[in-house]
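**Q** mind folding the following:
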Amino acid sequence: MKILVISTLYPPHVIGGAEKAATMLAEAMMGKGLDVVVISLHPEAEERVEERNGVRVYRLPLDNFYWPFNRAKKPGALSRIAWHVREMWNRKAARRIGRILDIEAPDVVHTHNISGFSVAAWREAKRRNIHLVHTLHDYYLMCSRYSLFRRGRACEQRCSDCRVLTFNRKGASRMPDALVSVSNYTLDHHKRLGYFQNVPPEVIYNIQAVKNTHVASPLATSKDPAVLTFGFIGRIEEEKGIETLLGATQLLVQSNWRLKIAGKGIEAYVRGLQDQFPDPRIEWMGFTAAPDFYAAVDTVVISSQWAEPLPYVCVESLHAGKALICARVGGLPEIAQLSNVVEFFTAGSVAELSKAMNDALADSSRWRGSIPPARSVLDQFTEEIVVEKYMRVYQTKPVFSHR
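**A** Now for the predicted structure:
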C-alpha cells in the first residue's frame, strides 16, 4: 500500500506538534513495510524532491504572499488578510498536488495540517477517487488563526472574520472518507459545530518516541533536594499561557524554586517578558532539545490558554516521568490525567496556578519523585498500536482504482 502524506511542514521545518506527529507516523509506516511519500512546504522558491529517513519528500514553495511560519515579526493586518483570502482556495497549490498525485498514484492520501495548501488539496484527491483520510491537529477549519484564541482570551464564539475567511471549510469537511482526531475534545468540538458530517471518526493519539524523552535517573534533575524546578517548553507566545505562569511565580511563598523556560518566540515579545519578570530564579533556555529539558526539570507546567488538541509536551512529560501542573482546557485533561502526579487549574488564572505551584513546593519530594505511568497506559502512544489503528482507518472502505 502506498500512502501519500500531506503536511504543511516536515523536518527540518518544525514549529509544533503536528509536523512531529506526521513525521513519526510516516517513518513508522515505512518501518512496517508501507510505501510512504510526503508533500510539504518549504520557504524556497523552487520545488525539490529529497529522501529523508527512507521517506520521499516533495518540498513545494508556498503559493501565497509570505512565509508565515516561525517569523520574527508579525506581518501587517492587510498582508494577513490577503494571505487568508488566498488560503480560502489555493488553486496553484492544488495543481501542484494534483500533478504529484498523478506521478505517485497512491492508494491513500492522508492529510495532517493543510495550511498553505488549503482545502483545495482534498478536492484533488477526490477528483482521482483516492481514499482520503484527515487528522485533526488544530482548529484550522473554523478559525483563521487555527487556535480559537484572540486578544488574550479563548474564543467563546467564532468571530465574524473567521466566519468569512473559513466559510467554505465546513462544506469541504464532508470530502474525507475517514476522520482521525488526536483527542476526544477536538473531535467533539468539530462534530458539535457540524463539521465532517457523515464522515466516520476515530480518536488516535500521536506516536511518542520514547527514546527521545526518557529520563533514566532522577540524578539528571536538580541536585539540590531543597529546590523544586518547574519547567515550561514550547513556543513562547500569549496563547501558551506564558504570562500566566510568570505571574504565578510572583505569588510563590517559598523561595526554593526555579523555573526553566525552553523555547523561542517573537523577539520583542520575549524581551518584554524578560524585562517584566527579571527574577534570577527564572532561566530562559532558548531552543532546547527535549531530552535536555526534561533532564533539567522536576515538574512541567502546561499553562495553555487556548484549547490545545493534544500538546506533545504533555505526552512527552508522561514518558519522561514528570509531574504535571496543567490548565484545564482542550485535550489537556484527557492526557494529563494519566500522570501519576498531576494538578489542574483554570486556564488563565494566575491565582489558581500559583496555588498549585505553592502546594507542590510544600510537598516537593512527591512532585520531584514522579515516575512514568504503567506500560499499559503508555502503550497507546507506541508505533505498533498507532500504526495498527491507522491501518484500520485506511481500510475503512475499499480503495477505488485510480491507476
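
**Q** could you give the bridge partners of Arg150?
**A** Arg153 (DSSP bridges).

**Q** number of nearby residues for it?
**A** Arg150: 16 surrounding residues under other CB atoms under 10 Å. Any C-beta I mention is one placed from the backbone N, CA and C, and that applies to glycine too.

**Q** I'd say it and Asp161 touch.
**A** No - with contacts counted by CB atoms under 8 Å, Arg150 stays clear of Asp161, the gap being 9.5 Å.

**Q** and Arg91, what does it touch?
**A** Going by CB atoms under 8 Å, 6 or more residues apart in numbering, Arg91 touches Ala120.

**Q** show me the protein divided up by domain.
**A** 2-207+382-394, 210-378 (automatic domain parsing).

**Q** how far off centre is the last one?
**A** Right, domain 210-378. Between the mean C-alpha location of domain 210-378 and the chain-wide mean there is a distance of 17 Å, by CA atoms, centre = their mean, to the nearest Å.

**Q** so for it, mean pLDDT?
**A** For domain 210-378, mean pLDDT rounds to 91.

**Q** what segments of the stretch 51-200 of the chain are helices?
**A** 77-87, 91-104, 120-127, 160-165, 169-172, 184-192 (DSSP state H, counting those that start in this stretch).

**Q** so for the longest one, what's the average pLDDT?
**A** In other words, helix 91-104. 98.

**Q** same thing with the last one?
**A** Mean per-residue pLDDT for helix 184-192: 97.

**Q** downstream neighbour of that helix in the secondary structure list?
**A** With elements assigned by DSSP states H and E, the helix or strand that comes after helix 184-192 is strand 201-203.

**Q** name every strand pairing with that next one and say which way it goes.
**A** In the sheet, strand 201-203 lines up against strand 178-181 (parallel) (DSSP bridges).

**Q** and the nearest residue to Ala82 once chain neighbours are set aside, how far from Leu136?
**A** In space, and not counting its chain neighbours, Ala82 is closest to Phe65: 5.5 Å by CB to CB, 6 or more residues apart in numbering. Taking CB to CB, to the nearest Å as the measure, Phe65 falls 26 Å from Leu136.

**Q** so Asp275 sits in a strand?
**A** No - counting by DSSP: H, G, I helix; E, B strand; the rest coil, Asp275 is not part of a strand but helix.

**Q** OK, contacts around it?
**A** Residues near Asp275 by CB under 8 Å, 6+ apart: none.

**Q** tell me the confidence at the residue nearest to Ala82?
**A** So, for Phe65, pLDDT stands at 96.

**Q** next, count neighbours for it.
**A** By other CB under 10 Å, 15 other residues sit near Phe65.

**Q** so who does it touch?
**A** Contact analysis of Phe65 by CB under 8 Å, 6+ apart lists 79, 82-83, 86.

**Q** give me the phi and psi for it.
**A** phi -80, psi -30 (degrees, to the nearest 10).

**Q** restrict stretch 143-160 to CA atoms and write it as CSV.
**A** C-alpha atoms of stretch 143-160 as CSV (Å, rounded to 0.1, in the frame of the first residue of the first chain):
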residue,chain,number,x,y,z
CYS,A,143,-10.5,29.7,12.8
SER,A,144,-8.2,31.8,10.6
ARG,A,145,-5.7,31.7,13.5
TYR,A,146,-6.2,27.9,13.9
SER,A,147,-6.4,28.3,17.7
LEU,A,148,-9.8,29.8,18.6
PHE,A,149,-7.8,32.4,20.6
ARG,A,150,-7.8,36.1,20.1
ARG,A,151,-6.8,39.2,22.1
GLY,A,152,-5.6,37.4,25.1
ARG,A,153,-8.6,35.0,25.6
ALA,A,154,-10.1,31.9,24.2
CYS,A,155,-12.9,32.5,21.8
GLU,A,156,-16.3,31.6,23.2
GLN,A,157,-17.9,32.2,19.8
ARG,A,158,-16.4,32.4,16.3
CYS,A,159,-15.7,36.0,15.3
SER,A,160,-17.0,37.5,12.0
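
**Q** show me what counts as buried in it.
**A** 143-150, 154-155 (16 or more other CB atoms under 10 Å).

**Q** same check on stretch 87-100?
**A** Within stretch 87-100, the residues that count as buried by 16+ other CB under 10 Å are 87-88, 90, 93-94, 96-98, 100.

**Q** likewise stretch 37-50?
**A** Neighbour-count burial for stretch 37-50 [16+ other CB under 10 Å]: 37-42.

**Q** my guess is Glu47 meets Ala93, correct?
**A** No - using CB under 8 Å as the test, Glu47 is too far from Ala93 to be in contact (11.6 Å).

**Q** how many residues are close by Arg80?
**A** For Arg80, the neighbour count with other CB under 10 Å is 17.

**Q** and for Glu388?
**A** 12.

**Q** now do the one 5 residues further on
**A** Val393 is surrounded by 20 other residues when neighbours are defined as other CB under 10 Å.

**Q** what's the nearest residue to it if we skip its chain neighbours?
**A** Here the residue nearest Val393, using CB to CB, 6+ apart, is Ala178, at 4.9 Å.

**Q** what number of residues lie near that neighbour?
**A** 23.

**Q** mind listing what it touches?
**A** Neighbours of Ala178 in contact, by CB under 8 Å, 6+ apart: 131-134, 199-202, 393-394, 396.

**Q** filter the residues you listed down to the buried ones, PyMOL style.
**A** This is the PyMOL syntax for the buried subset of the contacts of Ala178, where burial follows 16+ other CB under 10 Å:
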select buried, resi 131+132+133+134+199+201+202+393+394
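
**Q** quick check: the farthest pair among the contacts of Ala178?
**A** His131 and Pro201 (15.6 Å; CB to CB).

**Q** okay, who's weakest in the buried residues of stretch 143-160 by pLDDT?
**A** Of all the buried residues of stretch 143-160, Ala154 has the smallest pLDDT value, namely 82.

**Q** where's that one relative to Val329, distance?
**A** Taking CB to CB, one finds Ala154 at 7 Å from Val329.

**Q** who touches both of those two?
**A** Contact criterion CB under 8 Å, 6+ apart; residues shared by Ala154 and Val329: 305-307, 347.

**Q** pull the number of nearby residues for Gln250.
**A** Counted with other CB under 10 Å, the neighbours of Gln250 add up to 10.
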